[in-house]
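Visitor: Structure, please.
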Amino acid sequence: MTWNKWVRQIHRWLAIAFTVTVVATFIALAQEEPVVWVSYVPLLPLALLFFTGLYMFVLPYLARRRG
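Guide: The predicted model follows:
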C-alpha cells in the first residue's frame, strides 16, 4: 500500500473510533452522577482526524504544484 492509502485507511478507522467515543461520552454523561473527564476522551481521535484530514486536503494542491 502506498502512503496515501495508509492515511486514508487510518482516517476511516479514526472516524469510527471518534463516533464510538462520542456515543460513549453521551451515555456516560447521561448517568445520574456523570464522570466529567469522559468528555475529554473524543479529543484524541478528533485531533488525529484533523491532521489526517488536513493531509488529504493538501494532497491535490501539492500534486498540482509538482506536475
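Visitor: Need the distance between the two termini of stretch 28-47.
Guide: Start-to-end span of stretch 28-47 (C-alpha to C-alpha, to the nearest Å) is 21 Å.
Visitor: sec struct for the most centrally placed residue in the chain, please.
Guide: In the chain, the centroid-proximal residue (C-alpha atoms, centre = their mean) is L49; its distance is 2.8 Å. Put simply, L49 is helix when judged by DSSP: H, G, I helix; E, B strand; the rest coil.
Visitor: who's in contact with it?
Guide: H11, L14, A15, F18 (C-beta atoms under 8 Å, 6 or more residues apart in numbering). No exception for glycine: its C-beta is placed from N, CA and C like everyone else's.
Visitor: element containing I10, please.
Guide: Assigned by DSSP states H and E, I10 belongs to helix 3-29.
Visitor: Going by neighbour count, which residues of that helix are buried?
Guide: V7, R8, H11, L14, A17, F18, T21, T25 (16 or more other C-beta atoms under 10 Å).
Visitor: other SSEs contacting it?
Guide: Using 3 or more C-beta pairs under 8 Å, 6 or more residues apart in numbering; DSSP states H and E, the elements in contact with helix 3-29 are helix 43-66.
Visitor: tell me the mean pLDDT for the helix it packs on?
Guide: What helix 43-66 shows for mean pLDDT is 94.
Visitor: Give me the angle between it and helix 3-29.
Guide: For helix 43-66 against helix 3-29, the angle by axes from the mean of the first three to the mean of the last three C-alpha atoms, to 10 degrees is 160 degrees.
Visitor: Give me the buried stretch members for helix 43-66, please.
Guide: The neighbour-count check on helix 43-66 (16+ other C-beta under 10 Å) flags P45, L48, L49, T52, Y55 as buried.
Visitor: Including distance to E32, could these go into TSV?
Guide: Shown next, in TSV, are those (distance: C-beta to C-beta, whole Å):
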residue	distance to E32
P45	27
L48	32
L49	31
T52	37
Y55	42
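Visitor: which among those residues gets closest to T2?
Guide: The closest of the buried residues of helix 43-66 to T2 turns out to be Y55 (C-beta to C-beta; 13.2 Å).
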